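Quick one: sequence plus predicted model below, questions after.
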Amino acid sequence: MRKVILDCDPGHDDAFAIMLAAGNLDLLGVTTVGGNGYLPNVTRNALVVLEKIGRTDVPVYPGHAGPSTTELITAPNVHGQSGLDGPVVTEPIRKPETKHAVDFIVETVMSTDHVTLCATGPLTNIAAALNREPRIAKRVDGLYIMGGGAYAGNWTAAAEFNIYVDAEAAYKVFHSGMPIYMVGVNLTRQCPVTPEFRERLRNLGNVAGVFGAELLDFFGDGRHLHDPCAIAWIIDPDIITDAYLHVDIELNGTLTRGMTVTDLRFLQTEVPEKDIDLDSPFRWDDSPVGSPFRGKEPNTHVAMRLDFEKFCDLVADTLSRYN
Ligand code: RIB
Ligand code: CA
């Protein structure tokens, strides 16, 4: 089983990422970061989710409350005031660890081989860990993020929420040399909440299935299950088709701050007969195939296509295996 640290801001979709990771990976720890909600809330929510699935053996380490250079933006409009509104839950029995998330990430990566990082919130903790110990960039097997988008955003027309909230942290991460696997909103728009999926989970009949359905009852049909897509990619590399492209973070654009500027000119697959749709992992420029690159070398594995049926089966199977 791959060893993973999950940095998150639960958040309804982060909760699914935690449940998927705990049921399929060697989840070394969960670290929390201000994002969907304030740090105390998202930390409490991580403890709640782990208790719900009977995994109180997984430690939770609180991290940074928000960006170091800008004010924290939260998303109560999506996740409610608690960050996990909807299901009726009891307060967690466990307390979070006293060690800081950044210390846990650095110490674990420097002492353990083949750790994979997954970040499903703003990249504040990941950037802080790189500032503290740049060598982690080359020691990890990879950093899988839910963040950004190959050609559009969701918080602004150009920027996705996690990147927008702490664009400076994202810039640091994308310039660190860490192997990055980016699950952007171009991918997660292929992963909608459906009534059929919600009822499939409820009909599992166990605590985890009913909890998952109640999370989705609040989260709402048609919303996208962003964060578990990043964990699913770690569990099953074939569940996502990606393209290796150059990505950089816009910091100064009036309209584009927080955009993951993705150079689609590197798509080297043959141009298909049919028109290229936004999700096709095919070439966008019209230079002859094999032309020399006109831009910077690719630096990011950009998720382009999701096997949605396989994703739904993975989530349902995982939740069915909890008590
Ligand atoms: O833009 C979607 C992302 O922002 C998800 O990670 C969601 O949980 C929020 O953090
Ligand atoms: Ca999140």
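Looks like it came in fine. Residues are numbered from 1 along each chain as shown. Ligands and ions are numbered 1, 2, ... in the order given.

Ignoring the adjacent residues along the chain, who's closest to Leu27?
Nearest non-adjacent residue to Leu27, counting by Cβ to Cβ, 6 or more residues apart in numbering: Ala21, 4.8 Å away. Backbone N, C-alpha and C define where each C-beta goes, glycine included.

Work out for me the element the one you found sits within.
helix 12-24 (DSSP states H and E).

Pull out the buried positions in the next helix or strand after that helix.
Note on helix 12-24: by DSSP H and E, the next helix or strand toward the C-terminus is strand 26-32. Across strand 26-32, burial judged by 16 or more other Cβ atoms under 10 Å covers 27-32.

Can you pull the residues of the protein lying near ligand 1?
Counting by Cβ under 6 Å from any ligand atom, the positions of the chain adjacent to ligand 1 are 9, 11, 13-14, 35-36, 120-121, 146, 154, 160-162, 226-227.

Among those, which one lies nearest to Glu51?
For these, the closest approach to Glu51 (Cβ to Cβ) belongs to Asp14, at 15.2 Å.

Quick check, that closest one in contact with Ala119.
No. Using Cβ atoms under 8 Å, Asp14 makes no contact with Ala119, being 10.3 Å away.

can you list residues touching both of the two?
Counting by Cβ atoms under 8 Å, 6 or more residues apart in numbering, the shared contacts of Asp14 and Ala119 are Cys8.

gap between the residue in the stretch 201-323 of the chain that ligand 2 sits nearest to and Thr43?
Of all residues in the stretch 201-323 of the chain, the one sitting closest to ligand 2 is Asp227 (4.9 Å; Cβ to the ion). From Asp227 across to Thr43, the span is 16 Å (Cβ to Cβ, to the nearest Å).

More neighbours: which of the two?
Between Asp227 and Thr43, counted using other Cβ atoms under 10 Å, Asp227 has the larger neighbour count: 34 against 29.

Show residues contacting the helix or strand where that one lies.
Assigned by DSSP H and E, Asp227 belongs to helix 226-235. With contacts defined as Cβ under 8 Å, 6+ apart, helix 226-235 is touched by 2, 4, 6, 8, 11, 13-14, 16-17, 19-21, 24-25, 116, 118-120, 144-146, 181, 183, 185, 187-188, 191, 239-240, 303, 306, 311, 314-315.

how about 6 Å then?
Here helix 226-235 makes contact (Cβ atoms under 6 Å, 6 or more residues apart in numbering) with 13-14, 16-17, 20-21, 24, 116, 118, 120, 144, 146, 183, 188, 191, 239-240, 311, 314.

pLDDT score assigned to Tyr244?
Note on Tyr244: pLDDT of 88.

Give me the distance from the helix or strand hosting it to the chain's centre.
Using DSSP H and E, the element containing Tyr244 is strand 240-249. Distance, stretch centre to chain centre, for strand 240-249: 15 Å (Cα atoms, centre = their mean, to the nearest Å).

So what are the sheet partners of that strand and their directions?
Strand 240-249 has the following strand partners under DSSP bridges: strand 260-263 (antiparallel), strand 300-306 (antiparallel).

Turn the ones you listed into a markdown table, columns for mean pLDDT.
Listed next are these as a markdown table, based on pLDDT from 0 to 100:
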| stretch | mean pLDDT |
| --- | --- |
| strand 260-263 | 94 |
| strand 300-306 | 94 |
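
Could you check how far the residue lying closest to Val210 once chain neighbours are set aside is from Glu214?
Nearest in space to Val210, with sequence neighbours left out and distances taken as Cβ to Cβ, 6+ apart, is Arg202 at 5.9 Å. Between Arg202 and Glu214 the computed distance is 8 Å (Cβ to Cβ).

thinking again about what came up before, number of nearby residues for the residue nearest to Val210?
Neighbour count for Arg202, taken as other Cβ under 10 Å: 16.

Find the residue ranges of the stretch 201-323 of the chain scoring beneath the pLDDT cut-off.
266-294 (pLDDT under 70).

And the residue of it closest to ligand 1?
As assessed by Cβ to the nearest ligand atom, ligand 1 sits closest to His226 within the stretch 201-323 of the chain, at 4.1 Å.

tilt between the helix holding Asp227 and strand 26-32?
150 degrees (axes from the mean of the first three to the mean of the last three Cα atoms, to 10 degrees).

give the contact list for the residue in the stretch 151-300 of the chain that ligand 1 sits nearest to.
At 3.6 Å from ligand 1, Phe161 is the closest residue in the stretch 151-300 of the chain, using Cβ to the nearest ligand atom. Contact partners of Phe161, counting by Cβ under 6 Å, 6+ apart, are Trp155.
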